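A.B. asks: Provided below for reference: sequence and predicted model.
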Amino acid sequence: MRKILLYLLLAFPLVCMAQILKESERARVVDEILEERFNTLLPSLMDQAGIDMWILISREYNEDPVLRTMLPATWLNARRRTILLFYRDATKGSIDKLAVARYNVGKNIQSAWDKEKEPDQWKRLIQLIEERNPKRIGLNFSKDHNIADGLDKTDYMEFMDALPKKYHSRVISAEQLAVRWIETRTEREMIIYNPLVDITHDIIAEAFSEKVITPGITTTTEVEWWMRQKVTDLGLETWFHPTVDVQRTSEKLVGHLYSFSGRPDDLVIQPGDLLHCDFGITYLRLNTDCQELAYVLKPNEKKAPKFLEDALVDGNRVQDFLTTNMIKGRTGNEILAKALQDAKMVGLRPAIYTHPLGSYGHSAGTTIGMWDAQGGVMKDDGENYPLNYNTVYAIELNTTVHIPEWKRDIRIMLEEAGFYGEDGFRYVNGRQTELLLIPRVKNHIDD
């Protein structure tokens, strides 16, 4: 009899990436989703917001963040001054999608400006307004939501100067409509979101493996750049630079910011280390944001110490307290307060800082705490905005756990994409419930 080591990880890829589309195929999908959002989602959102005309104005390279999400796949920026006008006639069940621009904005938004007939772009916009005589004109200015505050001062002033006085009282902030547009996901987008998160998990699994990490040699900075390069090699983008940090028995727990800013560069990864990463990608105009943990096995270890496994369970418990308190209509501050209270009552030491996720990494919607605002966020951070259906959140949080074996506290930091809909909360593509192991424990067969 002899033992043959099965190097399965050498024979097969460590991860099986979901299929990543070619650029032309991505463009087709993006434009199809846009068409559905314009024709099906937008009318209902305008009705809910009580806005029958929505005007978005941007100049090239200074795009309103909402307008950016409305551009077709072949438009990487606005052109010159791009003005979009949406008019909803609920009695007729119709919606006009017009561009006061020299060109059609893709197939969904038709050009309504012939410069040869009317050289003045603002005058043409006013003609369109007067033809429809809207009751409420929504513009993207907002104190409480940065993504809904994309109208710059110059364009606002020029628009108001051109607008007849009788319409001035009808101009309102479109912040509720803008936020709902950004935060709301369609059924097809959620189908796409699953493989998007799966790709994110796969890259983390590969980064936190012996394929990338050799204990005693590889540094945290090298792993970060490997993740960044992997994204580029796959033809994808990341919306922030990945981070990797270490907790180990010989060091004390430091502040929360350590994991994201101020941690030492090029820290050599050692056996016995608890690794943590923060990583997200952008694909098909959607974003992910994920934090996971890995343990570097010591010689002769085949699993992580039980005290670390138990600590991860505590992190999962905090997740459960948060997600069970995500109830439609509750504000982020209300959800935060109840989740923290429930977790503390069972002896946990939690911190919750969950943010909307979707069209942007730090997107618009319900803010459920910030790392430096565990008593709740202020009004200008979206305090009064309620939780809505068909929205995605980065379930981001941590819990502090005392480890007697290490004579110190550690922080279990987790983050996963979660969807909230009419059936309640679900993780988009699961969550981490077991520590990743470096190296993976290989199987043996007696021969």
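C.D. replies: Perfect, thanks for sending it. These figures come from a predicted structure and were not determined experimentally.
A.B. asks: Next up, the contacts around residue 75.
C.D. replies: Counting by CB atoms under 8 Å, 6 or more residues apart in numbering, residue 75 touches 105-106. All C-beta spots, glycine's among them, are computed from the backbone N, C-alpha and C.
A.B. asks: Export the longest helix along the chain to CSV, keeping only CA atoms.
C.D. replies: Longest helix of the chain, by residue count under DSSP state H: helix 187-207. Written as CSV, here are the backbone C-alpha positions of helix 187-207 (Å, rounded to 0.1, in the frame of the first residue of the first chain):
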residue,chain,number,x,y,z
GLU,A,187,-36.4,40.8,-11.7
ARG,A,188,-33.9,40.4,-14.5
GLU,A,189,-31.2,42.4,-12.7
MET,A,190,-31.6,40.1,-9.7
ILE,A,191,-31.0,37.1,-12.0
ILE,A,192,-27.8,38.7,-13.1
TYR,A,193,-26.8,39.7,-9.6
ASN,A,194,-26.4,36.0,-8.5
PRO,A,195,-23.5,35.1,-10.8
LEU,A,196,-22.0,38.6,-10.2
VAL,A,197,-21.7,37.8,-6.5
ASP,A,198,-20.6,34.3,-7.4
ILE,A,199,-17.6,35.7,-9.4
THR,A,200,-16.7,37.9,-6.4
HIS,A,201,-16.7,34.9,-4.0
ASP,A,202,-14.7,32.9,-6.5
ILE,A,203,-12.0,35.5,-6.8
ILE,A,204,-11.7,35.7,-3.0
ALA,A,205,-11.6,31.9,-2.7
GLU,A,206,-8.7,31.8,-5.1
ALA,A,207,-6.9,34.8,-3.5
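A.B. asks: same for it, what does it pack against?
C.D. replies: Contact here means 3 or more CB pairs under 8 Å, 6 or more residues apart in numbering; DSSP states H and E; on that basis helix 187-207 packs against helix 23-36, helix 220-233, strand 274-279, strand 286-287, strand 290-296, strand 408-421.
A.B. asks: Looking at those, which is nearest to residue 134?
C.D. replies: Nearest of those to residue 134, taken as CB to CB: helix 23-36 at 23.3 Å.
A.B. asks: pLDDT on the closest one, on average?
C.D. replies: When pLDDT is averaged along helix 23-36, the result is 95.
A.B. asks: so it versus helix 187-207, what angle?
C.D. replies: 140 degrees (axes from the mean of the first three to the mean of the last three CA atoms, to 10 degrees).
A.B. asks: Check which element follows helix 23-36 along the chain.
C.D. replies: With elements assigned by DSSP states H and E, the helix or strand that comes after helix 23-36 is helix 42-49.
A.B. asks: Tell me how far the residue nearest to residue 50 when sequence neighbours are not counted lies from residue 21.
C.D. replies: Counting by CB to CB, 6 or more residues apart in numbering, residue 50 lies nearest to residue 136, which is 6.3 Å off, once chain neighbours are set aside. Separation of residue 136 from residue 21 (CB to CB, to the nearest Å): 40 Å.
A.B. asks: again with residue 185
C.D. replies: 19 Å.
A.B. asks: rewinding a little: can I get the helices and strands packed on helix 187-207 in JSON lines with distance to residue 163?
C.D. replies: Putting the helices and strands packed on helix 187-207 into JSON lines (distance: least, CB to CB, whole Å) gives the following:
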{"stretch": "helix 23-36", "distance to residue 163": "28"}
{"stretch": "helix 220-233", "distance to residue 163": "45"}
{"stretch": "strand 274-279", "distance to residue 163": "45"}
{"stretch": "strand 286-287", "distance to residue 163": "36"}
{"stretch": "strand 290-296", "distance to residue 163": "45"}
{"stretch": "strand 408-421", "distance to residue 163": "38"}
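A.B. asks: Any idea which of those gets closest to residue 155?
C.D. replies: Going by CB to CB, the one of those nearest residue 155 is helix 23-36, 23.1 Å.
A.B. asks: Can you check what pLDDT the model gives residue 256?
C.D. replies: What the model reports as pLDDT for residue 256 is 56.
A.B. asks: can you tell me which residues contact residue 172?
C.D. replies: 51, 136-139.
A.B. asks: can you do 10 Å?
C.D. replies: 49-51, 136-139, 141 (CB atoms under 10 Å, 6 or more residues apart in numbering).
A.B. asks: Would you list the phi and psi of it?
C.D. replies: Note on residue 172: its backbone torsions stand at phi -140, psi 170 [degrees, to the nearest 10].
A.B. asks: For it, give me the pLDDT.
C.D. replies: With respect to pLDDT, residue 172 scores 97.
A.B. asks: what about the closest residue to residue 239 other than its chain neighbours, neighbour count?
C.D. replies: Using CB to CB, 6+ apart and skipping the chain neighbours, the partner closest in space to residue 239 is residue 361 (4.4 Å). Other residues lying near residue 361 total 19 when counted by other CB atoms under 10 Å.
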